[in-house]
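Chemist: Sharing a model that was predicted from the sequence below.
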Amino acid sequence: MPAGFRIGGAAPASGGARDLAPDLSARVEAAPLRMDRKTHQKMKRGRLDPEARIDLHGMTLDEAHPALVSFILASQAAGRRLVLVITGKGRRAEDHGPIPRRQGVLRHQLPHWLSTPPLSQAVLQVREAHLKHGGGGAYYVYLRRR
């Protein structure tokens, strides 16, 4: 072997563990825009006030899902367009196992619930709320007209 040769010496250093899924904020933001651009800009900047709000913070998944379904469908039936769904950011739990646990289970589950029936027919757009309405712990849900 030549002097200075080492097996794997030219290989790039490993960057450690890789999380290939983008974070939740990026996934929600990357969804295609289906509402009016001007209204969307106002909503993102916190200039539109939500017409109703529901606080799911502190509920379990089994309690939160039926409450969300009834709230969204009742809001659409009442003619509301912009509602605020508060999930909370989730608490940092100790993670000692080999499989990492997500922080904020409700926060991660909400976009999925809103994109599946029966809520998918009522929801036009989902975006993370402005800081004055809860930031990363809340979502704006823009509803379709009846």
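Modeler: Looks like it came in fine.
Chemist: Can you give me the neighbour number for the nearest residue to residue 25 once chain neighbours are set aside?
Modeler: With sequence-adjacent residues excluded and distances taken as CB to CB, 6 or more residues apart in numbering, residue 25 is closest to residue 128, at 5.6 Å. C-betas here are computed from N, CA, C, even on glycine. Residues contacting residue 128 under the criterion other CB atoms under 10 Å number 20.
Chemist: so residue 128 makes contact with residue 27?
Modeler: No: using CB atoms under 8 Å, residue 128 is not in contact with residue 27, being 10.3 Å away.
Chemist: Name the residues of the top helix by length along the chain that are buried.
Modeler: Longest helix of the chain, by residue count under DSSP state H: helix 61-77. For helix 61-77, a neighbour-count test (16 or more other CB atoms under 10 Å) marks 64-65, 68, 71-72, 75-76 as buried.
Chemist: Would you mind checking which of the residues you listed is nearest to residue 52?
Modeler: Set against residue 52, the nearest of the buried residues of helix 61-77 by CB to CB is residue 75 (5.4 Å).
Chemist: Looks like that closest one contacts residue 85 (just checking).
Modeler: No: using CB under 8 Å, residue 75 makes no contact with residue 85, being 10.1 Å away.
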